[in-house]
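**Q** The amino acid sequence is not available; the structure is as follows:
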């Protein structure tokens, strides 16, 4: 599986020295990986309550992941 270019996702940031440079939700110390891992077992509402993250933040990251995993032709078809 290809590695995602998180720098292209405006909802996240990686700051050296902040959470070890991990990709976190912009303006927070919450690693994106933590939310994604917890979505395997928890609902979006439960993740929002447990980690103080908004539905919009979660949606932005999941949309970015989905768009990144589509092939170029498939991504172009969805933008029409």
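**A** Alright, I've got the coordinates. Please read all numbers here as calculations on a predicted model, not as lab measurements. Numbering: from 1, shown residues only.
**Q** all strands for this structure, in order.
**A** 12-13, 24-25 (DSSP state E).
**Q** Does anything pack onto the last one? Which helices or strands?
**A** The helices and strands touching strand 24-25, judged by 3 or more Cβ pairs under 8 Å, 6 or more residues apart in numbering; DSSP states H and E, are strand 12-13, helix 32-38. Just so you know, the C-beta spots here come from the backbone N, C-alpha and C atoms, and that holds for glycine as well.
**Q** Tell me which residues are up against that strand.
**A** Under the criterion Cβ atoms under 8 Å, 6 or more residues apart in numbering, residues 11-15, 18, 30-32, 35, 53, 57, 61 lie in contact with strand 24-25.
**Q** Try it again at 10 Å.
**A** 6, 11-15, 18, 30-35, 51-54, 57-58, 60-61 (Cβ atoms under 10 Å, 6 or more residues apart in numbering).
**Q** what's the model's confidence in it, averaged?
**A** Regarding strand 24-25, the rounded mean pLDDT is 96.
**Q** Next: stretch 63-80.
**A** Per-residue scores along stretch 63-80 average to 71.
**Q** hang on, residue 36 packs against residue 47?
**A** Yes: counting by Cβ atoms under 10 Å, residue 36 touches residue 47, with 9.4 Å between them.
**Q** residues shared between the contacts of these two?
**A** Contacts common to residue 36 and residue 47, judged by Cβ under 10 Å, 6+ apart, are residue 58.
**Q** for the longest helix along the chain, packing partners?
**A** Counting by DSSP state H, the longest helix found in the chain is helix 55-69. When contacts are defined as 3 or more Cβ pairs under 10 Å, 6 or more residues apart in numbering; DSSP states H and E, helix 55-69 packs onto strand 12-13, strand 24-25, helix 32-38, helix 44-51, helix 72-78.
**Q** change it to 7 Å
**A** helix 44-51 (3 or more Cβ pairs under 7 Å, 6 or more residues apart in numbering; DSSP states H and E).
**Q** how close does residue 10 get to residue 23?
**A** Computed as Cβ to Cβ, to the nearest Å, the residue 10 to residue 23 distance reads 12 Å.
**Q** just residue 39 next, same as before
**A** 15 Å.
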